[in-house]
Each structure stands twice: as structure tokens, then as C-alpha cells.
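Student: Quick check, what structure comes out for this input:
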Amino acid sequence: MKYTCVSVPIFADQGPNSISSRTKPEFGQALVDPQVYGPSATRQTFPCPRLIRVTRFQPNKPHIPDITQTSVSRDLDTLPNVSLIQPARPSPNRVIPVTQAIPTQPGFADDDQDRLAPGVRIIQGDRFHALRIARRLVGQRVPNIDQAARNLVASAQSHNIDFSLAFASVLGSDDSVPVRQVALGVLGAGRTAMTFFSEPGPGGDPDGPDAACAERSACMRALCDHVRRSRAHEAAIAQALPEPEHDWAVTPLIRSGFQSVGTLLYLRRQPGTLPEIRLPAGSGVHARAVADLPGRDRDRILIAALDASYEGTLDCPELCGLRSTRDILESHKATGSFDPTSWWVYVVDHQPVGCLLLSKSAEHGTIELVYMGLGSALRGRGLGKPLLVDGLRRICGRHPGFGVACAVDERNTPARKVYESLGFTAFARRQAWVCPLSTETP
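Tutor: Numbers count the residues shown, from 1 in each chain. Below is the predicted model:
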């Protein structure tokens, strides 16, 4: 019998609709019989159990069997066809939703779809290979690829690029042969690794798109496996933001175990006058600048505000539980130039219930709307627009001539309506993909 080892989110049982409550899960690990749980749990299985992460229940998906919602006992050991090997904290009346599995400890050799052509091998980057790898990472339609590659190598350190986090496919054993495909990881704040693929050249990929897809996938798997084994303390998740129409990048991500967490619209607003909008009378909401909070309490209050905003969020809800809120906060602080006078926490009855985080990007002459989120107590009351305008007035008054930029999940209709009403327009669209790299509970 082949089993797949999965890390399953365990939600408190709040009734038949508890799975969609989007509360933060605990995580346990279990051996799942793929013959019972269907094809979504069998991809890339082999006789030795492998670690798979199950991230979120997806309702109304025909490929997920009815058994995905099953109440289990206090000991979490009576779910049919599941053998628990590392339970989360035991608690009565739990529900385990089994959803689409995401591989988190993959090896490319066992997947027939990604079997490499004879003679193709995967190498890890280093200084010796840096220029050859850079040649495939730069845009393949630039006038002078060699010069662009030299520029990338020269500026690598300033962009936190470490070529030991590049994995490349080559044909043959000679160390001087050209690099065919590359996957690169760039470590960032908040324990993230942003990933990039080599793009097809003007004449296409060596040996065609199928071979290139297999090689990109193999490179990405080698990268993720290396980070898990050697640098997991620096990266909890890998991320990628390909353009939706770039199948040459999207397909290898899927085959490497990445999960789509939404499509992002990138919006910007040109410098200009903001409308006069005031908070409704009696709203009870108070905006407190983070700079005015006691220094020792700032992070604690911000984390509480962020957590409140994640409950029932429409902005990439699939991300909930994949990273700790403290890691997310560090990522936010690293966007643009962090200034606590331009970050606000929204408070109701002395409780943080949301926040607005704005940062200046002097390099681009832009104010970055890093994050805005309101807790459930503030939603549906017409508060989002006046709160956003108030914050933008304060920061734009200090930086006249700066536009405002942000990204939003295209499914988040309420937020999009607010942005559009304030003159934001879309200028780019990207799919967001993630792959967990850490097996620790966030």
C-alpha cells in the first residue's frame, strides 16, 4: 500500500460549516491512504512516505470526496484509513478537512511527468557557475544578454541574490556546458523566499516546451528541498508571482508542489487631490499611529490588529496559517521605508481591530499601501474608504508629488471598489503561488 504523509489543518468543530470559518488551524501530520482520499492526495506518492502539506478546505470541488469532513476522537486516531503520526495538541470534537495536497519534501526522480532527458542533470549554483546561471535569468530579449548577465552578477549582493540558491539544468558532465534552465530563490524578510525561473528564449527552449517544463520543475524542487534541509530557519514559504499567461512558469510551479493563493491586481493612483470624506458619526473607531504606541508593545498590538483583520479575509485567505503573524509583520516592515508615523492601528473599545500600513518608496517616488485590513466588527459599515483617505492625506501631505501603489486579490470586491472610487487603476496582474518550506507549526 502506498501512503502519503500529510500535514493537515485541524479546526475547532463549530458545526457543519466550521471549515469555511477561516480560523487559524493547528497542524498535525498523518498517513493518508490515497485510494480513499482520491487523486488530490496521490500525486507523486511512492512506497516511502513523503511529507505533504494540506493547506485549506475548498468547498464545491468535485474532485474532493465527501470524506474530506470527518469528526474524529479526542486522540485523533480513529479517522478511517488515516494513521496519525504527529498529532497537534489534542482536543475533543475536532474536524480534519483533507484537501488538495501540496508536496513539501519533493524529489524529482520519482515523478514520471518530470523525468529528465538522458544526460540532463541538476547542479547547484556557486561563484563558478554564477555568470552562466545569470545569463539564463536575465531577460532573453535584451540587446546584450552577456552584459546584462555581468550586471546581474555585479549587483547580486545589493539585491540579496545568493547564487548558491540557484539550481540549474545542464546537459552533460562538462562544467563549461551552457545552462539550460534555472530556478533561483531570493531570501527576504519575514522568512520568505521569492523564486524565479529562466524564461524561454526568442527561439524557444532547448528540446521543446515539455523538456523545459520538466527541467524547470526539477530545478525548483531541488531549490525547495535544499532550503528545507539547510536554511529552513530563513524561509518558511517559497513564493512566485508569474504572469497568468506564462504557462512556461505556471505549469512547473504546479508540478513542483506550489499552490495558487489568488490573482493579484497591481493598482496605482497618480498624485492628486483626495476627496473630502469623514468617518460616520459614532463609529467608535480610533486611529492610533504606531509611533505613539509604547515601544515595547508595538509589535504585540500590531500582531493583534493583523490577526483580527485575517478573520474572514477576502485577501488571499489561502495564506492564513502558512506563516506566523510575526513573520508577516517583518515582511511588511521591509516594504519601502518603514516609518511608524505612517502606520496606524484601528482601535475599538481599547481592542485593536485592524490597521493601515503605508510606507514611502523614494526610489520609485511612490507611497506603498503595504497593507490595509479591518476586522469583522468594522466591515460593512462604510468605514474602509474614510479610514484609507485619512491615512493617505496624512502621508501624501508630507510627500507631495508621490503617487500611491498597492496590490489586491482580484476576488476582494469590496476593497477593489474602494480603490477604484479613489482613482486607482490596474497596471499589472500576477498569479500568487506559494509552497510551504517549514514543517513547524506557525
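
Student: Now do the same for the spatially most central residue of the chain: its pLDDT.
Tutor: Nearest to the mean C-alpha position of the chain, by CA atoms, centre = their mean, lies Val434 at 4.3 Å. Looking at Val434, its pLDDT stands at 95.

Student: again, but for Val32
Tutor: pLDDT recorded at Val32 is 40.

Student: before we move on, what about Glu276?
Tutor: pLDDT, Glu276: 90.

Student: picking that back up, surely the residue nearest to the centre of the chain is in a helix?
Tutor: No - counting by DSSP: H, G, I helix; E, B strand; the rest coil, Val434 is not found in a helix; it is strand.

Student: was I right about it contacting Gly257?
Tutor: No - the pair Val434 / Gly257 is not scored as a contact, 10.0 Å apart, by CB atoms under 8 Å. Every C-beta, even on glycine, is put in place using the N, C-alpha and C of the backbone.

Student: All the helices of the chain, in order from the start?
Tutor: 34-37, 130-137, 145-155, 208-230, 247-255, 298-310, 325-333, 384-398, 413-421 (DSSP state H).

Student: Those into a markdown table, with extra columns for mean neighbour count and distance to Ile123?
Tutor: Listed next are the helices of the chain as a markdown table, based on neighbours: other CB atoms under 10 Å; distance: least, CB to CB, whole Å:
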| stretch | mean neighbour count | distance to Ile123 |
| --- | --- | --- |
| helix 34-37 | 17 | 33 |
| helix 130-137 | 21 | 9 |
| helix 145-155 | 15 | 17 |
| helix 208-230 | 21 | 9 |
| helix 247-255 | 20 | 17 |
| helix 298-310 | 19 | 40 |
| helix 325-333 | 19 | 30 |
| helix 384-398 | 18 | 47 |
| helix 413-421 | 16 | 44 |
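
Student: worst average pLDDT in those?
Tutor: Of all the helices of the chain, the minimum mean pLDDT falls on helix 34-37 (a mean of 40).

Student: Low-confidence bits of the stretch 1-150 of the chain, can you list those?
Tutor: 1-114 (pLDDT under 70).

Student: Give the closest residue to Ser438 in space, chain neighbours not counted.
Tutor: Leaving aside its chain neighbours, Ser438 sits nearest to Ala236 (4.3 Å; criterion: CB to CB, 6 or more residues apart in numbering).

Student: so how far is Cys435 from that neighbour?
Tutor: The gap separating Ala236 from Cys435 is 10 Å, by CB to CB, to the nearest Å.

Student: Tell me which of these two has more neighbours.
Tutor: Cys435 (28 against 23; other CB atoms under 10 Å).

Student: ok now do that one, which residues does it touch?
Tutor: 102, 104, 224, 237-238, 253, 256-259 (CB atoms under 8 Å, 6 or more residues apart in numbering).

Student: repeat that for 6 Å
Tutor: Under the criterion of CB atoms under 6 Å, 6 or more residues apart in numbering, the contact list for Cys435 reads 224, 238, 257-258.

Student: what does Ala193 give?
Tutor: 185, 187, 227, 235, 238.

Student: swap in Gly373?
Tutor: Gly373 neighbours (CB under 6 Å, 6+ apart): 309, 354.

Student: same thing but 7 Å
Tutor: 306, 309, 313, 354-355 (CB atoms under 7 Å, 6 or more residues apart in numbering).

Student: Same check on Ser376?
Tutor: By CB under 7 Å, 6+ apart, the neighbours of Ser376 are 311-312.

Student: and the gap between it and Asp315?
Tutor: Taking CB to CB, one finds Ser376 at 14 Å from Asp315.

Student: same check, this time on Asp409
Tutor: 5 Å.

Student: Now list whatever residues contact both of those two.
Tutor: By CB under 7 Å, 6+ apart, no residue touches both Asp409 and Asp315.

Student: of the contacts of Cys435, closest to Pro414?
Tutor: Within the contacts of Cys435, the smallest distance to Pro414 is 27.6 Å, found for Phe258 (CB to CB).

Student: what ranges do the strands span in the stretch 151-300 of the chain?
Tutor: Ranges of strands in the stretch 151-300 of the chain, per DSSP state E, counting those that start in this stretch, are 166-171, 179-188, 192-197, 237-240, 259-269, 286-289.

Student: tell me the mean pLDDT for the fifth one?
Tutor: To tie it back to what came earlier, the one meant is strand 259-269. Mean per-residue pLDDT for strand 259-269: 95.

Student: cool, and the second one?
Tutor: Strand 179-188 carries an average pLDDT of 96.

Student: likewise the last one?
Tutor: Averaged across strand 286-289, the pLDDT comes to 95.

Student: Show me which parts of it are buried, residue by residue.
Tutor: Of all the residues in strand 286-289, those buried under the rule 16 or more other CB atoms under 10 Å are 287-288.

Student: Can you spell out which helices and strands pack onto that strand?
Tutor: strand 343-348 (3 or more CB pairs under 7 Å, 6 or more residues apart in numbering; DSSP states H and E).

Student: which helices and strands does the strand it packs on pack with?
Tutor: On a contact count with 3+ CB pairs under 7 Å, 6+ apart, strand 343-348 meets strand 286-289, helix 298-310, strand 351-361.

Student: now the longest one and strand 343-348, what's the angle there?
Tutor: Our comparison of helix 298-310 with strand 343-348, counting by axes from the mean of the first three to the mean of the last three CA atoms, to 10 degrees, yields an angle of 60 degrees.

Student: Can you give the distance of helix 298-310 from its chain's centre?
Tutor: 19 Å (CA atoms, centre = their mean, to the nearest Å).

Student: Repeat that for stretch 261-270.
Tutor: Worked out by CA atoms, centre = their mean, stretch 261-270 lies 15 Å from the chain centre.

Student: next one: stretch 324-341
Tutor: Distance, centroid of stretch 324-341 to centroid of chain: 15 Å (CA atoms, centre = their mean).

Student: what does stretch 412-419 give?
Tutor: That offset, for stretch 412-419, works out to 21 Å (CA atoms, centre = their mean).

Student: which residues touch it?
Tutor: So stretch 412-419 is in contact with 267, 314-315, 384-385, 388, 406, 408, going by CB under 7 Å, 6+ apart.

Student: now stretch 402-411
Tutor: 262-271, 314-316, 365-369, 392, 396, 415-416, 419.

Student: Can I have the buried ones of those as a ChimeraX selection?
Tutor: ChimeraX command restricting the contacts of stretch 402-411 to the buried ones, with burial defined by 16+ other CB under 10 Å:
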select :262,264,265,267,268,269,314,315,316,366,367,368,369,392,396,415,416,419
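
Student: Between the two ends of stretch 164-178, how far is it?
Tutor: Length of stretch 164-178, first residue to last, CA to CA, to the nearest Å: 17 Å.
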